[in-house]
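1. Dropping a prediction and its sequence here:
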Amino acid sequence: MMWPTVFDEYGTKRLAVWRQFRESLETSPTPLEDVAELWRHAPFVSPYLNPLLPTEWPDPWHLMLDLRLDDLALVLGMLYTIKLTQRFIDTKCEIHMSMCPQNKQHQYMLVVGDEQVLNLEYGTVVSAEQLKHLDTKTIYAVSKLQ
């Protein structure tokens, strides 16, 4: 199920629609694919989050309200979307960073439960086995959101 209006809404309405989307993940047969599809529609801005300073990253609510979504913020939004559900509340999630050799840009991906990866291939979910062929570094790991 796609919720194309999450990023089209403003203020508290955006938060309400995002909450409805997260609630749909509780019973979805394809929750991670749903998250990848949702965030595929997010608007992008120029890079601004520092991958080495996670203490300065926005909390879930400011991320969604401000929608300043660079490549790292997009993956952080995926993490928040997943972790703010009962279904994935105890699932380990890690944000990994790698350097794309073609353009020397950082690439960020979300590893869920050591099994699946979001954003390695844009808008899809792939097996964590595919990370074995990449030089990645874990820049953020969380079991429970504080």
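-> Perfect, I can see it now.
2. For the rest of this, base every contact and every neighbour count on C-alpha atoms.
-> OK.
3. Ramachandran angles for the most centrally placed residue in the chain?
-> The C-alpha lying nearest the average C-alpha coordinate of the chain belongs to residue 78 (Cα atoms, centre = their mean; 2.0 Å). The phi and psi values for residue 78, taken as degrees, to the nearest 10, are phi -60, psi -40.
4. Is it correct that it is in contact with residue 37?
-> No. Under the criterion of Cα atoms under 8 Å, residue 78 makes no contact with residue 37, lying 10.2 Å away.
5. How about residue 87, nearest residue that isn't a chain neighbour?
-> residue 26 (5.6 Å; Cα to Cα, 6 or more residues apart in numbering).
6. residues contacting the one you found?
-> By Cα atoms under 8 Å, 6 or more residues apart in numbering, residue 26 lies in contact with 85-87.
7. Which of these fall within helices?
-> Of the contacts of residue 26, none are assigned to helices by DSSP state H.
8. which of the residues you listed count as buried?
-> Among the contacts of residue 26, those buried by neighbour count (16 or more other Cα atoms under 10 Å) are residue 85.
9. From residue 145, how far out is the residue lying farthest from the centre of the chain?
-> Of all residues in the chain, residue 102 has its C-alpha farthest from the mean position, at 23.3 Å, by Cα atoms, centre = their mean. Residue 102 sits 34 Å away from residue 145, taking Cα to Cα, to the nearest Å as the criterion.
10. ok, now residue 89?
-> Per Cα to Cα, residue 89 is found 8 Å from residue 145.
11. so what sits against both of the two?
-> residue 83.
12. Looking at these two, which is more packed in?
-> Using other Cα atoms under 10 Å, the more surrounded residue of residue 89 and residue 145 is residue 89, with 15 against 11.
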